[in-house]
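1. My questions concern the predicted model and sequence given below.
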Amino acid sequence: MSLNGTDKKNVAITLKTAIHNGGETETYELVLSGIQIFKNAAVYLQFEEAGENGAIKTIIKYTEDEALLMRSGAVKMRQVFRPGELTNGHYESIYGTLPMVTNTHEMARKISGQDHSEEIIFRYNLEMNGDNLGLYEMSIKYREEE
């Protein structure tokens, strides 16, 4: 999916993920550059990250009712977030394709007037190939690059 919107800006992105499974918590943080686009009442974020087996291009489409996370490259993934609903997706890597089920508890977009940043927050349980991977808390904070 290629995005060519008229309201487009370069953004600095901080992606934080905490995964709670049993008594364990794993946390990850990435600082990236990307693009924010407004198109048809949706906010799109596009960025690229380096993976173990090559680059991974990520696009997030966020609307008030639903969000879609798509990855392509070394990993192919499609994940849908709809609060209060179970949604199906898939994760494909060099090892094969696995079905995913996402149970979204919270999804929000916050705009801060103080530092002119925006943040998209997801809180969800993830099941992959029938296994419960835990509770995920993901925060994507971004603001226009100077």
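-> Received, thanks.
2. What part of this protein, helix or strand, is modelled with the least confidence?
-> When the helices and strands of the chain are scored by mean pLDDT, DSSP states H and E, strand 42-51 comes last with a mean of 92.
3. Tell me which other helices or strands it touches.
-> Of the remaining helices and strands, those touching strand 42-51 by 3 or more Cβ pairs under 8 Å, 6 or more residues apart in numbering; DSSP states H and E are strand 7-21, strand 24-39, strand 54-62, strand 117-128. For glycine as for every other residue, the C-beta is placed from the backbone atoms N, C-alpha and C.
4. What strands line up against that strand, and which way round?
-> Each strand that strand 42-51 pairs with, and the sense of that pairing, follows from DSSP bridges: strand 24-39 (antiparallel), strand 54-62 (antiparallel).
5. Report the buried residues of the longest one.
-> Translated: strand 24-39. Within strand 24-39, the residues that qualify as buried are 32, 34-37, counting by 16 or more other Cβ atoms under 10 Å.
6. Out of those residues, which two sit at the greatest distance?
-> Between all members of these, the longest pairwise span (Cβ to Cβ) is found for Leu32 and Ile37 and amounts to 15.7 Å.
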